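1. Quick one: sequence and predicted model below, then my questions.
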Amino acid sequence: MSDSETHFDVIILGTGLTESIAAAALSKAGFKVAHLDQNAYYGGDEASLTLDELVQWADTRAADVDPEASAFAASQTAKFTSISHSHHVLPNSRQYSLSLTPSIIPSKGPLISSLIGSGVSRYGGYKLLERIAVFSSGEVRNVPGCKEDVFKSKDLSLVEKRRLMRFLMFASGEFEGKPELEGNESSPFSEFLRTKFSLKDDVVDAITYALAFCTFPSDPTVPALRRIRRYLLSSGRYGASPFLVGQYGGAGEIAQGFCRVSAVHGGVYILGRKILAVSASDSSDKSGFTVQLEDLEDKLTCDLLISSQDFVPPDLQSTTVPVLLSEQAGSDPPPGVARCIAIFDGPIIFPSSPSQQATTSSVDDKGTDEAETANSETQSKVDTAILVFPPGSLPEGSKTSAATVLLTGEGTMSGPAGKCIAYISLPVTNPDKSAEMLLKPYLHATLASVTESRSESEPHSLFSLFYLSTPPSIPSPQSFASSRVVVTCPPSNLLPESMDTATKNAETVFWEAVKALRPALSEGGQEDDTVESFWPPLEVQDEDEEGW
Amino acid sequence: HGVRRTRQTSEAVEARKQREQSRLKEYLSLTDHVLAKKKSRDWSKDAFEATSRLLQINPEFYTIWNYRRNIMLHGLFVNSPPEVINDILSEDLSMTAAALKAHPKVYTLWNHRSWCLENVPDGPGDSRDWKKANWSRELAIVEKMLDADARNFHAWSYRRYVLASMPEQRPETAELAYTMRKIEANFSNFSAWHQRSKVYTSMWGSGKLNKDKCIEEELELVKNALYTDPNDQSAWLYHRWLVDAGQNRHILESEINAIEELLEEDPGSKWCIESLVHYKRLLVRNHAAVIGKEQAEKLHRQCIDMLQQLQTLDPPRKRRYQDIREFGLCRALNLLTSSTW
């Protein structure tokens, strides 16, 4: 290959969501991008895998560390620990699309805007999240998220309804500077709810952990309020629920979509090859990097290197410039998360939601009696739902952090017909037990509550995987060095936040790259060499179906 | 973003003007043509088709609709078997349905539909199947309209008309369920509550439901709405209807308590205060003998204070509250000096 074929403006290491969004934006802006990943699949730590791939993923990371291991392999083994899984062999492995980073998408936010702005939204399908519930006093209770839910709820007294509505109105408006908030900005959100809105414990738990998605009782008020407001304002855009669930595997599928956009606009993709060496250019007048891949004779060079933390070799660690959002900088490293992915037989049963019943209409005379009986049923089948376990809600569970369970059925196209997936996440600061011991109680409680009771046996999963995910600490920003690697930071752990923070990180990476590369671009002599926005204005007709 | 801006050249503007002029000429000549036929009492099929063309352009031309109906009555229906009549009417129902998609609020279209529905003959044979089918379809259309806008009171009115006209009446319990669905979808819907009150009135009158039990249940239901949103007028008005003239003292007293509790949670809520005045006055007016003079005076004083408060809370109605206060004052004075104690 000639120099022009092996030299790029940017080389990106790792096809995680943040890197993929950045790759798409940079390619669309006209930069020459090479995007590499040692994995044979897209998505990195946010990938969606078939069942066999997931088992292999788990086994390679559970194996003993090989002293010859690449920086990537070593980083992965350090990150994912306490791995265990069942040995059942399930058929139709290829029909599963299991996500390493379960997530939901707020209907208004950076990710949805980027999905639309980049055109990636056309590649996938999305479903409205049907239900959010909280595990309270041993049973599953729907969480009211809007006026209609509150009106119809049978779990709240009249006074509780009034107080909850007062809070929801407060949270959806401009609460900054309001008297209730004064002095309480950083106090624990649950305390704020109890004292300023006179809400009872079970309502406080529902709001704190299932509306604001806090993880600890000490989580501060203002960030929680901001999240709630974003979600409240998201509801109604596509339907009553504020959230969408991605089909075909969620985050991994979306990352792949962004890579596709990048490729269509000239990005070069190389997957599945070991990255042998990453080094800074040694010439004094030129700053840049060289990457050598296994089984590829020519080395790839670039002016700027963007990388996920896994791929940065030890000798270059000190030159990295981590890209941080202002709220992440200077904060404590995020805790580890104990995770479980379990497959079970559907259907998923939840208590009926008020708004759901209200939308069925009876048109013909014969149908009226049916419609009436349907309204009196207290349970219904759902395809997507979230069940939140507040701290202390499960006797055998954690008393200090909240667990979230994302349940997806066959409508999400992430498994064969009749099979459902449960994703359990529990933040842990100092795990004293294995991931499996920590999460098994939650798995049992979930399956017992949401599956139809079969005659003899207790409900059980067909397959389960447990592991602990501990992200490496975020390096502190270094002063500007002539040769530096832009490093992406892992997205937030929160179910509704992970993809939005990845998008915001990606946008910051994008602008960093543009800043560094712009001199190079203007040399090209194009008339339109200013990059004005993250995504260029949408073309009305986009002919982009080159071979993929 | 992403929307193409079309540029209007002067040639394009001129061309558009030309097209408009020619269309205008066509319309005017067609109008003359049809009106001439009407004057000459032309009831032929040609005349009918001419009206179709004209009405497609201007569905609000009610004179032509009248003419069209006359053509049907004096021309097309004369000496025709019921099947033919039904077919012609079905055609018109389809035509107006299509027109309504583009012009949903044109009265003449809805008017013509009613006329067609009312003129559907009995049949086939001895059955009323044609009538049933047409009215059922009409109900479906009204429901689509209410799905699109549950607060369209024209549609609710039309719904009552359709329900009353159906050859086989739907059970009133089904209508109660329908209003419940609409209320659960969004309880800020006066028409839905209103419909509910009409159905209940009918069912109490015919003895199908026990009035006292219903009122108890409905009070519970509407209180959920009041507590969820104390500013929603439609729920307060339904509550007012349930309490009625205040004949039942227990109900009056417990509702007053509930509203006072709500007022504690939401001090300054205009509807709470106004309702309390209304209900406390009812209590004094209807049950003075039972509650006793002292209590009556106390309630009266509370009302005076609340009316004062309302004058500041609700300035547009300041005079009204002032009026009630003064009138109420007189009333109370009369009570006190009355010899019926």
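-> Received, thanks.

2. C-alpha only now, for contacts and for neighbours.
-> OK.

3. show me where the stretch 201-350 of chain A has helices.
-> Here the stretch 201-350 of chain A has its helices, by DSSP state H, counting those that start in this stretch, at A:201-205, A:221-234, A:251-264.

4. among the ones you listed, which is nearest A:G125?
-> Closest to A:G125 of those is helix A:251-264 (CA to CA; 9.8 Å).

5. So what touches that closest one?
-> Applying CA atoms under 8 Å, 6 or more residues apart in numbering or on different chains, the contact partners of helix A:251-264 are A:15-17, A:20-21, A:23-28, A:42-43, A:46-48, A:99, A:101-103, A:118-120, A:123-124, A:246-247, A:269, A:499, A:544-546, A:548.

6. Quick one: the helices of the stretch 201-350 of chain A as JSON lines, columns for mean neighbour count and mean pLDDT too.
-> Shown next, in JSON lines, are those (neighbours: other CA atoms under 10 Å in any protein chain shown; pLDDT from 0 to 100):
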{"stretch": "helix A:201-205", "mean neighbour count": "20", "mean pLDDT": "94"}
{"stretch": "helix A:221-234", "mean neighbour count": "20", "mean pLDDT": "94"}
{"stretch": "helix A:251-264", "mean neighbour count": "26", "mean pLDDT": "96"}
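
7. I'd like the ones you listed as a markdown table, with distance to B:P315 appended.
-> Listed next are the helices of the stretch 201-350 of chain A as a markdown table, based on distance: least, CA to CA, whole Å:
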| stretch | distance to B:P315 |
| --- | --- |
| helix A:201-205 | 37 |
| helix A:221-234 | 32 |
| helix A:251-264 | 55 |
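
8. re earlier: okay, and which of the contacts of helix A:251-264 map to strands?
-> Judged by DSSP state E, strands contain the following of those: A:S48, A:S99, A:G246, A:Y269.

9. Surely the last one and A:Q38 touch.
-> No - because the distance of 11.2 Å does not satisfy CA atoms under 8 Å, A:Y269 is recorded as not touching A:Q38.

10. Those two - which one has more neighbours?
-> Between A:Y269 and A:Q38, A:Q38 has the larger neighbour count (other CA atoms under 10 Å in any protein chain shown), namely 23 against 16.

11. ok, back up a step: quick check: ChimeraX command selecting the buried ones in the contacts of helix A:251-264.
-> The following ChimeraX line selects those of these that are buried, judged by 16 or more other CA atoms under 10 Å in any protein chain shown:
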select /A:15,16,17,20,21,23,24,25,26,27,28,42,43,46,47,48,99,101,102,103,118,119,120,246,247,269,499
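
12. give me the subset of the contacts of helix A:251-264 touching chain B.
-> Counting by CA under 8 Å from any CA of the partner chain, nothing from these sits close to chain B.

13. List the ones among the contacts of helix A:251-264 that fall in helices.
-> With helices taken from DSSP state H, the overlap with the contacts of helix A:251-264 comprises A:L17, A:S20, A:I21, A:A23, A:A24, A:A25, A:L26, A:S27, A:K28, A:S118, A:M499.

14. In CSV, list the residues you listed along with pLDDT.
-> Output for those, formatted as CSV (pLDDT from 0 to 100):
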residue, pLDDT
A:L17, 95
A:S20, 96
A:I21, 96
A:A23, 96
A:A24, 96
A:A25, 95
A:L26, 94
A:S27, 95
A:K28, 94
A:S118, 93
A:M499, 93
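
15. helix, strand or coil for the residue of the stretch 151-300 of chain B found nearest chain A?
-> Taking CA to the nearest CA, chain A has its nearest neighbour within the stretch 151-300 of chain B at B:R181, 4.6 Å off. Look at B:R181: counting by DSSP: H, G, I helix; E, B strand; the rest coil, its state is helix.

16. quick one: it from A:K154, how far?
-> 16 Å (CA to CA, to the nearest Å).

17. repeat for B:T108
-> 46 Å.

18. Of these two, which one has the most company?
-> More neighbours surround B:T108 than the other of B:T108 and A:K154, with 17 against 10 (other CA under 10 Å).

19. Which pLDDT does the model give that one?
-> Looking at B:T108, its pLDDT reads 91.

20. any idea which helix or strand carries it?
-> Taking DSSP states H and E as the definition, one finds B:T108 inside helix B:107-118.

21. Let's see that helix as PDB, backbone CA atoms only.
-> Only the C-alpha atoms of helix B:107-118 are listed here, as PDB (Å, rounded to 0.1, in the frame of the first residue of the first chain):
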ATOM      1  CA  TYR B 107     -71.600  21.100   8.900                       C
ATOM      2  CA  THR B 108     -73.200  20.400   5.500                       C
ATOM      3  CA  LEU B 109     -71.300  17.100   5.200                       C
ATOM      4  CA  TRP B 110     -72.400  15.900   8.600                       C
ATOM      5  CA  ASN B 111     -75.900  17.100   7.900                       C
ATOM      6  CA  HIS B 112     -76.100  15.200   4.700                       C
ATOM      7  CA  ARG B 113     -74.800  12.000   6.400                       C
ATOM      8  CA  SER B 114     -77.600  12.300   9.000                       C
ATOM      9  CA  TRP B 115     -80.200  12.600   6.200                       C
ATOM     10  CA  CYS B 116     -78.800   9.600   4.400                       C
ATOM     11  CA  LEU B 117     -78.700   7.500   7.500                       C
ATOM     12  CA  GLU B 118     -82.300   8.400   8.400                       C
END
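
22. got a list of contacts for it?
-> Residues contacting helix B:107-118 (CA under 8 Å, 6+ apart): B:59-62, B:65, B:89, B:92-93, B:96, B:99-100, B:131, B:134-135.

23. Relative to A:P537, how far out is A:L168?
-> Taking CA to CA, one finds A:L168 at 36 Å from A:P537.
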